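>>> Curious how this folds, go ahead:
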Amino acid sequence: SSTSPLRSIIDKVISISRDTGTETETNTKTLGRYLQKGSDSFSDDCSDGGTISASGSWDGPAEPEDDSEIVNLKGSITFKSCREGDEVFNGTLTFAFSGPLDDPEKLTISAPNLSYSDTTMGNNLSLRNFNMVLTDLAFDAYYGDLTSATITLAGAASGTVDGDPIDSELDNFRIVFNSNSSGEFITISGSMRDACLDGWITVTT
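Below is the predicted model:
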């Protein structure tokens, strides 16, 4: 997979939260599927080792019939060396959706200490006191995949991405992306500080 580490983390939160796909496809039960069974938490083995647990609360009926009835879902996810295919997640994050789960206005993801690696791509990323706020969200009508969003980032990230070492802090760093049949288009802007730089710089594309 050529998906960026941050995008992989975002996609994982969305897939766990929403009732998308089937258990045979992901081999990991989703929080959305458990919510529809009237439960607000679960713990399970990951498909290739490790465990995942999640809990959530929402506005709406105790046993919602579909994602539109799950409003303002918020909760936490804990990965313990959770491996699925080439990807490994470790650590805890919290998340909060604004609006109904099938069409949220905003998604906030906070990771005090989270690590991600992709053994095939050679990517590994550690996030510390990291915050992601997604607005202007759009999803594929058939698969439910995130196709566009404005993502505002803050916090520290270190590791290796696409073979290049990174050790950076971000502040109000904005990524706007849009996916279509031609590919994924990205613009970035905001402030960052890298270990190889003396002080903060402003980046714009």
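
>>> From here on, just use CA atoms for contacts and neighbour counts.
Fine.

>>> for this protein, longest helix please?
Longest helix in the chain, counting residues (DSSP state H): helix 5-17.

>>> Just the buried residues of that one, please?
Judged by neighbour count (16 or more other CA atoms under 10 Å), helix 5-17 contains these buried residues: Pro5, Ser8, Ile9, Ile10, Val13, Ile14, Ser15, Ile16, Ser17.

>>> Let's see the pLDDT reported for the last one.
At Ser17 the predicted local distance difference test score is 86.

>>> so who does Thr51 touch?
Contact analysis of Thr51 by CA atoms under 8 Å, 6 or more residues apart in numbering lists Ser43, Asp44, Asp45, Phe79, Lys80, Ser81, Cys82.

>>> Next step: the residues you listed restricted to strands.
Counting by DSSP state E, the contacts of Thr51 place Ser43, Asp44, Asp45, Phe79, Lys80, Ser81, Cys82 in strands.

>>> is it true that Asp136 lies in a strand?
Yes. According to DSSP: H, G, I helix; E, B strand; the rest coil, Asp136 belongs to a strand.

>>> ranges for the strands of the chain?
For the chain, applying DSSP E gives strands covering 41-45, 51-59, 71-84, 87-98, 106-118, 123-139, 146-161, 164-180, 183-194, 201-204.

>>> So how do I select the buried members of the contacts of Thr51 in ChimeraX?
If you want just the buried ones from the contacts of Thr51 in ChimeraX, going by 16+ other CA under 10 Å, the selection is:
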select :43,45,79,80,81,82
